[in-house]
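Colleague: Compute the structure for the input listed below.
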Amino acid sequence: MAGVICAPYCGLIIGRRKGSSAGHAASKYRRIRAMASPAISAPRRETDPKKRIVITGMGLVSAFGSDVDTFYNKLLEGASGIVPIDRFDASEYSVRFAGQVSGFSSNGYIDGKNDRRLDDCWRYCLVAGKKALDDANLGKNMLETMEDKSRIGVLVGSGIGGMSTYSAGVETLVQKGHKKMSPFFIPYATTNMGSALLAIDTGCMGPNYSISTACATANHCVFNAANHIKRGDADVMVAGGVEAAINPAAVGGFIACRALSQRNNDPQKASRPWDKMRDGFVIGEGAGILVMESLEHALRREANIIAEYLGGAVTCDAYHITDPRPDGLGVSACIIKSLYDAGVSPEEVNYINAHATSTPTGDLAEVNAINKVFKNTSQMKMNATKSIIGHALGASGGLEAIATIKAIKTGWLHPTINQVELEPEVTIDTVPNVKKQHEVNVAISNSFGFGGHNSVVVFAPFDPR
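Modeller: Numbers count the residues shown, from 1 in each chain. Take a look at the predicted model:
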């Protein structure tokens, strides 16, 4: 076991040290060994109920509405959530479609005055967060009875934040001057406001901040939320990601990056991970939020336990502002570290919810990384949620965590749609076009972001033993 974990991690890093002097190389080798030292002994799963972390609630806002079961049933159907953009006039844009949120209602979750003021990003956050708390039987009435509200924290991030607020504020500044700018411009534009507003509305006084690592955001939040529970900072953490990026500035910016598919004549087939004809990702939006809880606390209040969070990890490619490393080094290291943190071997993992955005370089870089870690993938299955709902940026990891947990609970994997001609390098079963039954033993969910940010989280069915 130790060899399986340690050798690939050390070898991948040390393998690019060629050309160094003997003394310099030895020094670097010692530093690398020190970094990888936890892998010397075989990893073990956590047994302390104060440090074991379970999922007791889930809430979302998505292209398929705001109900978790409806969302997953639509994924299982393989029904595309990609539609023509109707939030603004996109007729002059080279990309005119997106994974827009649909069927959204804030009734019962946000009061009328705030609902009119808030950026959509924070509206999505409040609704998804409160739905997750309700699902965990920790709604407002329950929270009010908690003796120590500092034991429940919130860690919800966004890659972009209140982009509509920011765009409107800048437009006002240019056209009318600074005196006409909204007093809410700064607070509603910043990325921390989702966690802040959710805490203000619910009274959660524990650890509270935001992480913004582009499309790796939600997984970073889940990972750090888990660490707060493990350290004893909190008993419960509300964690995930949110994004509301279907607006002129965000869509225009991603077009300028040349990151988006331009398949305007057939938008529902535009997101096609691992397919030879993929030409970029489809921008999406939404929110995906989990209630994470120490096993001890969950058992004490007789909570419904949905699944178990086993571990996670974060790394950086240190390579390029938008492109992934072609060799997948940063990603493979992240996967290996996540498995060590989870206390599982690569052989135990039999399902991957892949990042798989439908970009020419990104999809294969992730596959290269996966193949470095998992030597036998004959029993493994891997799918791409983004093929159906597009890429929800900072919210994607939260939505995909929910999809992963629903796969664990239902025994059904949603398809990766729009697969016509698979890249030959992809030898893992990608659940092409039709759902499949699959009993998940251990699952990983991958998320990577601009800047080289990598994050991987590990889930499994809850076993009370």
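Colleague: ok, and the closest non-adjacent residue to residue 74?
Modeller: Spatial nearest neighbour of residue 74, chain neighbours left out: residue 64 (4.2 Å); criterion: C-beta to C-beta, 6 or more residues apart in numbering. In short, each C-beta sits where N, CA and C put it, glycine included.
Colleague: Need the phi and psi values for the one you found.
Modeller: Geometry field for residue 64 lists phi and psi as phi -110, psi 20, criterion degrees, to the nearest 10.
Colleague: The chain should start at 658 in everything you say after this.
Modeller: Okay, residue one is now 658; in that scheme the one you just asked about reads as residue 721.
Colleague: And the strands in the chain, which stretches?
Modeller: Counting by DSSP state E, the chain has strands at residues 710-718, 740-741, 754-755, 809-814, 865-866, 893-900, 943-951, 964-973, 1006-1010, 1038-1040, 1069-1070, 1093-1094, 1099-1106, 1110-1117.
Colleague: Mind giving me the packing neighbours of the third one?
Modeller: Under the contact criterion of 3 or more C-beta pairs under 8 Å, 6 or more residues apart in numbering; DSSP states H and E, strand 754-755 touches strand 740-741.
Colleague: what lines up beside the strand it packs on in the sheet?
Modeller: In the sheet, strand 740-741 lines up against strand 754-755 (antiparallel) (DSSP bridges).
Colleague: hmm, who's touching the partner strand?
Modeller: Contact with strand 754-755 is made by 739-742, 903, 908, 921, 924, 927, 939-942, 1047, as judged by C-beta atoms under 8 Å, 6 or more residues apart in numbering.
Colleague: how near is residue 842 to residue 813?
Modeller: To residue 813, residue 842 is 21 Å away according to C-beta to C-beta, to the nearest Å.
Colleague: neighbour count winner among those two?
Modeller: residue 813 (40 against 18; other C-beta atoms under 10 Å).
Colleague: Could you pull up the residues touching the spatially closest residue to the more buried one that is not a sequence neighbour?
Modeller: Distances taken as C-beta to C-beta, 6+ apart place residue 851 nearest to residue 813, at 4.4 Å, with adjacent residues excluded. Taking C-beta under 8 Å, 6+ apart, we find residue 851 in contact with 778-779, 782-783, 786, 813-815, 867, 899.
Colleague: can you check residue 829 too?
Modeller: With C-beta under 8 Å, 6+ apart, residue 829 has these contacts: 837-839.
Colleague: Would you format those residues as a markdown table with pLDDT included?
Modeller: Shown next, in a markdown table, are these (pLDDT from 0 to 100):
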| residue | pLDDT |
| --- | --- |
| 837 | 94 |
| 838 | 94 |
| 839 | 93 |
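Colleague: number of nearby residues for residue 1000?
Modeller: 16.
Colleague: wait, it sits on residue 708?
Modeller: No - assessed by C-beta atoms under 8 Å, residue 1000 is found out of contact with residue 708, at 11.2 Å.
Colleague: returning to that earlier point: quick check on the contacts of strand 754-755: which are buried?
Modeller: Buried members of those, counted by 16 or more other C-beta atoms under 10 Å: 739, 742, 903, 908, 924, 927, 939-942, 1047.
Colleague: picking that back up, which of the contacts of residue 851 are buried? Put it as a PyMOL command.
Modeller: Selection command for PyMOL covering only the buried members of the contacts of residue 851, criterion 16+ other C-beta under 10 Å:
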select buried, resi 778+779+782+783+786+813+814+815+867+899
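Colleague: Closest one of the contacts of residue 851 to residue 735?
Modeller: The closest of the contacts of residue 851 to residue 735 turns out to be residue 899 (C-beta to C-beta; 25.3 Å).
Colleague: which residues does that closest one contact?
Modeller: Residue 899 sits in contact with 718, 778-779, 781-782, 785, 813-815, 851, 943-946, 1051-1052, 1055, where contact means C-beta under 8 Å, 6+ apart.
Colleague: tell me the domain boundaries of the protein?
Modeller: Annotated domains of the chain cover 658-699, 706-1122 [automatic domain parsing].
Colleague: for the chain, which spans come out with low pLDDT?
Modeller: Residue ranges of the chain with pLDDT under 70: 658-700, 798.
Colleague: distance of residue 724 from residue 784?
Modeller: For residue 724, the distance to residue 784 (C-beta to C-beta) stands at 11 Å.
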